[in-house]
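Novice: got a predicted structure here, sequence first:
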Amino acid sequence: MYEKDLPLTEAFFYILLTLRAPNHGYGIIQEIERMTNGRVTLGAGTLYGALSTMQKRGWIKLYHIDTESRRKKEYVITATGKEIFESERRRLAELLENAKRMEE
Amino acid sequence: MIRFRIYYDNDAAANWLNEMAKDGWNMTGFFAGIFLFEKCGKGAWQYQVDFRTGFGRKADDYRLFMEDAGIEVIQNWGFWTFLRKPASEKPFQLYTDIDSCLTHYKKILVMFKIITALEVLGLTVELLAALMGNRPAIAFAFVLGAISLILVNQVIRVKRIINKLKEQRDGFQPGYDSRRFSLCFSAGMFLNAIVLLSRDYIARPIRHVIQIAALILMVFGLFITFRNKNE
């Protein structure tokens, strides 16, 4: 049912993955860098746009808005976001499975 | 230091600010074409110009987000946001994948299309007034015409960028070729407007000289426009 949203861009994929636990803007950039050993560094504009798009689509939500004391916005994945991620994972698994045929 | 420059092209503006920063001139403010620079440490900052994200609360949100990522929002002005971050860190890139670059330039394209349409509307009104014998209207028509051409150029520039990005993403894209208008033509139109408006202030021989210069610029501009296809 999420076929039209797939494949995810690398940025979307890693942002969803990172948001399995609540995180804020710069924290997301850093964690993705760590996970990919520095291969993927998201530009701030790319991340800002991706976060607002995914929030609009209901894939992620604000974790808590304690407006006065905490100024950094934290985000976390939603149930819909998890389903999207799972569909993408199945798609990628199929790719990898089929890739094995190369060795036949 | 203060410099006056009019940029329609945000990437060209960012390039210029980075060049200035290499020489130790760091941009600290902007107002209506006036750039403020501060002398300190050569190559200390890297600059970028983003398409503005909203107003009021939305703009505050953006500012906090950027600050968190170590990026300073110097100023929001009109459709643009001027940003910088220390040069000691990684190269300053706002958009790092094709999809977000596309979204970014598509927003810029819509903006240029809307203001071009508004200019052309204004131009039509002035032309109608000119037809009814209003002399200043002719001059304003020239000014609006000149600006419209510059804006049309921007629409073409941004469309080309979008087309290149799509080509990168999809592997192919039907070519987009459209020529850009030479700026000489716009300059000629501006001069024409000056001649028309200065009838009572500038001596006739001088006006004739300006008029001839305007004509030469426009003819030259047309020539270049038709010669430079897809430059």
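Specialist: On my side now, so go ahead.

Novice: ok, and the closest non-adjacent residue to the closest residue to chain B within chain A?
Specialist: The nearest approach of chain A to chain B comes at A:G45, 3.3 Å away (Cβ to the nearest Cβ). (Each C-beta comes from the backbone N, C-alpha and C, glycine too.) Of all residues not flanking A:G45 in the chain, B:L94 sits nearest, at 3.3 Å (Cβ to Cβ, 6 or more residues apart in numbering or on different chains).

Novice: B:Q48 is in contact with the one you found, correct?
Specialist: Yes. Proximity of B:L94 to B:Q48 meets the contact threshold set by Cβ atoms under 8 Å, at 5.3 Å.

Novice: residue ranges of the strands in the chain, please?
Specialist: I'll assume chain A. A:23-24, A:60-62, A:74-77 (DSSP state E).

Novice: if you could check chain B rather than the one you did, that'd help
Specialist: Using DSSP E, strands in chain B cover B:2-4, B:25-31, B:34-39, B:45-51, B:72-77, B:80-86.

Novice: now do the third one: which elements does it pack against?
Specialist: Contacting strand B:34-39 under the criterion 3 or more Cβ pairs under 8 Å, 6 or more residues apart in numbering or on different chains; DSSP states H and E are the following elements: strand B:2-4, strand B:25-31.

Novice: tell me which residues are up against that strand.
Specialist: B:1-5, B:17, B:20, B:24-30 (Cβ atoms under 8 Å, 6 or more residues apart in numbering or on different chains).

Novice: cool, and the shortest one?
Specialist: Counting contacts by Cβ under 8 Å, 6+ apart, the residues outside strand B:2-4 that touch it are B:33-37.

Novice: apply 6 Å and report the result again.
Specialist: The contact list for strand B:2-4, computed with Cβ atoms under 6 Å, 6 or more residues apart in numbering or on different chains, reads B:33-35.

Novice: most surrounded residue in the residues you listed?
Specialist: The most crowded member of the contacts of strand B:2-4 is B:F35, carrying 21 neighbours; neighbours defined as other Cβ atoms under 10 Å in any protein chain shown.

Novice: what bridges to that one?
Specialist: Under DSSP bridges, the beta-bridge partners of B:F35 are B:R3, B:F30.

Novice: ok, which stretches of chain B are helices?
Specialist: Using DSSP state H, the helices of chain B run over B:10-22, B:56-68, B:98-131, B:135-170, B:183-197, B:204-227.

Novice: chain A too?
Specialist: Going by DSSP H, chain A shows helices at A:10-18, A:25-35, A:44-56, A:79-99.
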